[in-house]
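J.: structure here, sequence nowhere to be found:
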């Protein structure tokens, strides 16, 4: 009897926590994010709900009423985004609005909806807790429903972990049996001078376009910036283009020094883009340098595929939200009530990375620094002087046609991109000066765009027009001896580390033809070669 009473008294904690976790676990199921990015959020939610139950119980001694009250608060808060999407779908079906995003990504309408939504739940809760019989029924049904939800949640988590593990093993087996991506196919084990190996900084500025594109479409002349780079001994490949049209395609290519379009086309085209992640996290360049006694240094990017590299030192802000946590917060009213919170988080993460790059110290071993910095790519959070900018729409990372669907325009994109880029110019020059000043011996610096800006292109269909905007990139190199005879104006990222390993590690890797492949976000492995179109 005592055990039964104890279970009944504590059931309120169980079902309120389970109800609160459903949106968070659902987001985990439907996104590609690994579980290590999500579980701390689940623990935090459970802790907060437990505290809320204890607090309300101190005023209302009936555990059943406490459960109903906390359940109502949880549903109103954590399910806000789900019901907003439902209202959007109904509005589209009735012809009230043309696009779901019109309602979901506005500022004023969701706030009005939340106020109405909150009043509704306050009224419902008051009606229930005034009736003991209604309270008992709600308590019973919430307990039963939470047990069913728990079974589904645990099963879903286990299934996703299992599928993710199988996909990882699949891609690893394909890589090991594919000569083009075999880590030991081209690279030998030649001797080199380990005492004089330079530090290497591989800095990816997301969406950083090349000079011709910026002048043609963005009315931004970066001649002065290029002159300042050259004044510092930097080589700028002024005709460079990305090998692939998206980050998730481009970086696996540059960090494995090879193309993988055939691999994708023949082996993993129907699995989705997530299986390619092992090519990023356990890439050939990092492994090669780690085996040569380099320490690997990384930073949080706000884009989870580039956050989980095998690393010896991950430098992070003390407090920041990862991509999963940002998306989870979007399911709540918080970003609508405090529109700047996620923009501030993103801005602080970028500033932290840019400032920290200047002061990395590691005197014992050489370092390989990889930083994926999501700028000048949207969201646009800096003006030309580096002052904060708060776009008047909910936080998102989207560009291309999705940027326009969310209320942006091509003209706005180009203007705000140019302003943000002008600020980044000054930051990069200052960063180069600081790194060169603080380094005991000159490092190798690579400043590269993973793809170009995308103010006029589509993420959902192939268009030959404006491909040059999408592929044109900044691609700049600083070598300690300033001998750039191995570089050329149209070099693409796939050859970046082939040149560096040949020059500084006495390898003999052939340079690959510079090719360009387009794909859309919904079919990332269905590549279309556009090399000839871009010439």
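T.: It's in. Because the structure is predicted, anything quoted here is derived from the model rather than measured.
J.: could you use CA atoms for every contact and neighbour count after this?
T.: Will do.
J.: quick check: pLDDT value at the most centrally placed residue in the chain.
T.: Geometric centre of the chain, nearest residue: residue 303, 1.2 Å, by CA atoms, centre = their mean. We have a pLDDT of 90 for residue 303.
J.: that one touches residue 325, doesn't it?
T.: No. Residue 303 lies out of contact with residue 325 (CA atoms under 8 Å); the separation is 11.5 Å.
J.: hmm, back to that, got a list of what the closest residue to the residue nearest to the centre of the chain other than its chain neighbours touches?
T.: Nearest residue to residue 303 in three dimensions, chain neighbours excluded: residue 323, at 6.0 Å (CA to CA, 6 or more residues apart in numbering). Applying CA atoms under 8 Å, 6 or more residues apart in numbering, we find residue 323 in contact with 302, 303, 304.
J.: do the same with residue 223
T.: With the criterion set at CA under 8 Å, 6+ apart, residue 223 makes contact with residue 211.
J.: go on, residue 68?
T.: Residue 68 sits next to 125, 128, 129, 135, 138, 139 when contact means CA under 8 Å, 6+ apart.
J.: give me the element the fifth one is part of.
T.: Remark: residue 138 resides in helix 132-176, with elements defined by DSSP states H and E.
J.: got it, and the first one?
T.: Counting by DSSP H and E, the secondary-structure element that holds residue 125 is helix 108-129.
J.: report the angle between that helix and helix 132-176.
T.: 130 degrees (axes from the mean of the first three to the mean of the last three CA atoms, to 10 degrees).
J.: residue 160 touches residue 28, doesn't it?
T.: No. Residue 160 lies out of contact with residue 28 (CA under 8 Å); the separation is 9.0 Å.
J.: so between these two, which is more surrounded?
T.: Neighbours were counted for residue 160 and for residue 28 using other CA atoms under 10 Å; residue 28 has more, 21 against 18.
J.: so the more buried one, which state does it fall into?
T.: helix (DSSP: H, G, I helix; E, B strand; the rest coil).
J.: might one say that it is in contact with residue 35?
T.: Yes. The pair residue 28 and residue 35 passes the contact test of CA under 8 Å, sitting 7.4 Å apart.
J.: what about residue 284, neighbour count?
T.: 22.
J.: pLDDT value on the nearest residue to it once chain neighbours are set aside, please?
T.: Closest residue to residue 284 apart from its sequence neighbours, by CA to CA, 6+ apart: residue 256 at 4.9 Å. In this prediction, residue 256 carries a pLDDT score of 90.
J.: got the buried residues for the helix or strand harbouring residue 255?
T.: According to DSSP H and E, residue 255 maps onto helix 247-256. Buried residues in helix 247-256, defined by neighbour count with 16 or more other CA atoms under 10 Å: 247, 248, 249, 250, 251, 252, 253, 254, 255, 256.
J.: in a markdown table: those, plus distance to residue 366.
T.: Output for the buried residues of helix 247-256, formatted as a markdown table (distance: CA to CA, whole Å):
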| residue | distance to residue 366 |
| --- | --- |
| 247 | 27 |
| 248 | 28 |
| 249 | 28 |
| 250 | 26 |
| 251 | 22 |
| 252 | 23 |
| 253 | 24 |
| 254 | 21 |
| 255 | 18 |
| 256 | 20 |
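J.: rewinding a little: any idea how far the helix holding residue 138 is from the chain center?
T.: Its chain's C-alpha centre and that of helix 132-176 lie 24 Å apart, by CA atoms, centre = their mean, to the nearest Å.
J.: same question, stretch 322-332
T.: Going by CA atoms, centre = their mean, where stretch 322-332 is centred and where its chain is centred differ by 12 Å.
J.: closest to residue 45 out of the buried residues of helix 247-256?
T.: residue 248 (30.7 Å; CA to CA).
J.: and that closest one, what's its pLDDT?
T.: At residue 248, the model reports a pLDDT of 87.
J.: next one: it relative to residue 278, how far apart?
T.: Distance check for residue 248 against residue 278: by CA to CA, to the nearest Å, it reads 11 Å.
J.: then residue 392?
T.: Taken as CA to CA, the span from residue 392 to residue 278 is 37 Å.
J.: more neighbours: which of these two?
T.: Under the criterion of other CA under 10 Å, the comparison of residue 392 against residue 278 puts residue 278 first, with 19 against 13.
J.: verify the contact between the more buried one and residue 166 for me.
T.: No. Residue 278 is not in contact with residue 166 according to CA under 8 Å; the separation is 12.0 Å.
J.: now the strands: where do they sit in the stretch 151-300 of the chain?
T.: 200-205, 235-236, 295-298 (DSSP state E, counting those that start in this stretch).
J.: to residue 156, which of these lies closest?
T.: strand 295-298 (31.3 Å).
J.: that closest one pairs with which strands?
T.: strand 313-314 (parallel), strand 367-373 (parallel) (DSSP bridges).
J.: name the residues that touch the very next helix or strand once past the last one?
T.: Helices and strands here follow DSSP H and E; after strand 367-373, the next one along the chain is helix 400-405. Counting by CA under 8 Å, 6+ apart, the neighbours of helix 400-405 from elsewhere in the structure are 101, 102, 409, 410, 454, 455, 456, 457, 458, 459, 460.
J.: of the residues you listed, just the buried ones, ChimeraX syntax please.
T.: Restricted to buried positions by 16+ other CA under 10 Å, the ChimeraX selection for these reads:
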select :101,102,409,410,454,455,456,457,458,459
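J.: between the contacts of helix 400-405, which sits nearest residue 154?
T.: Nearest to residue 154 among the contacts of helix 400-405 is residue 101, at 31.4 Å by CA to CA.
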